[in-house]
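1. 3D model of this:
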Amino acid sequence: GGKDRGPERSSDVSPFDRVITKVAVVGGTHGNEYTGVWCIKAIEHQRQQHQRQQQQQNASDDSNTNTNTNININTNNNNNTAENKINIFEKFPTLDVQTLLANPRAYMENKRFVDTDLNREFSEEKLRRVTIDETVMEECDVRNEFCSDGDVASSLAVEAVRAREIDSLLGPKFRTEDAEGNASSSSSSSS
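-> Coordinates of the predicted model:
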């Protein structure tokens, strides 16, 4: 028999032991690589289809209306059949799926990056260097646009500012645990 080790600590629990309720799909980290951008566009297309289908279903009391949500009807003339298409919003209705265009400026310029590789801007040290104006982020579509304009942003690499925006959107990359095991962000600013 095994020893009774007492209650499990949070560090003993695998992330795979928890139910996943939220997923962020990020594409366009490198502006000249299109597969990720295609994926987020396909997901957003599925979201729109699912929302239209839900609206039609809610608006119609006609029992003869086709409300089969297991098939995503494809109106394009290609080799994909409707039976092979799965709409993630129908298949996983409780999963919160968010999409994010990581480097919109590089994507629009069809360049790998504008100033520096975005992947290299997520270190704790680099993230702490960049401050962002939350009010500016609220006024624009930060998931698809570069939003932190201004004096501070203009003196930094585009990707440095965007990394901080992404960190703010998706949650801090670096977390610490206090004595009680409560997670806290180490990337938040302190005075």
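2. tell me which residues in the one helix or strand residue 56 maps to are buried?
-> For residue 56, the host element (DSSP states H and E) is helix 35-59. For helix 35-59, a neighbour-count test (16 or more other Cβ atoms under 10 Å) marks 36, 37, 40, 43, 46, 49, 50, 53 as buried. Bear in mind the C-beta positions are built from the backbone N, C-alpha and C, glycine included.
3. dump those to JSON lines, plus pLDDT and distance to residue 113.
-> Shown next, in JSON lines, are those (pLDDT from 0 to 100; distance: Cβ to Cβ, whole Å):
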{"residue": "36", "pLDDT": "96", "distance to residue 113": "14"}
{"residue": "37", "pLDDT": "97", "distance to residue 113": "15"}
{"residue": "40", "pLDDT": "96", "distance to residue 113": "18"}
{"residue": "43", "pLDDT": "97", "distance to residue 113": "24"}
{"residue": "46", "pLDDT": "97", "distance to residue 113": "29"}
{"residue": "49", "pLDDT": "95", "distance to residue 113": "33"}
{"residue": "50", "pLDDT": "95", "distance to residue 113": "33"}
{"residue": "53", "pLDDT": "93", "distance to residue 113": "38"}
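4. and the residues you listed, which two are the farthest apart?
-> Across the buried residues of helix 35-59, no pair lies farther apart than 36 and 53, at 25.9 Å, counting by Cβ to Cβ.
5. for residue 121, list the residues it contacts.
-> By Cβ atoms under 8 Å, 6 or more residues apart in numbering, the contact list for residue 121 reads 127, 157, 159, 160, 162, 163.
6. tell me how far the nearest residue to it once chain neighbours are set aside lies from residue 171.
-> Once flanking residues are discounted, residue 121 sits nearest to residue 163: 3.6 Å by Cβ to Cβ, 6 or more residues apart in numbering. For residue 163, the distance to residue 171 (Cβ to Cβ, to the nearest Å) stands at 13 Å.
7. secondary structure class for residue 25?
-> Under DSSP: H, G, I helix; E, B strand; the rest coil, the three-state class of residue 25 is strand.
8. bridge partners for it, pull those for me.
-> Legend: beta-bridge partners of residue 25 under DSSP bridges are residue 99.
9. neighbours around it, how many?
-> Residues near residue 25, counting by other Cβ atoms under 10 Å, number 15.
10. which pLDDT value goes with it?
-> pLDDT, residue 25: 96.
11. thanks a lot, catch you later.
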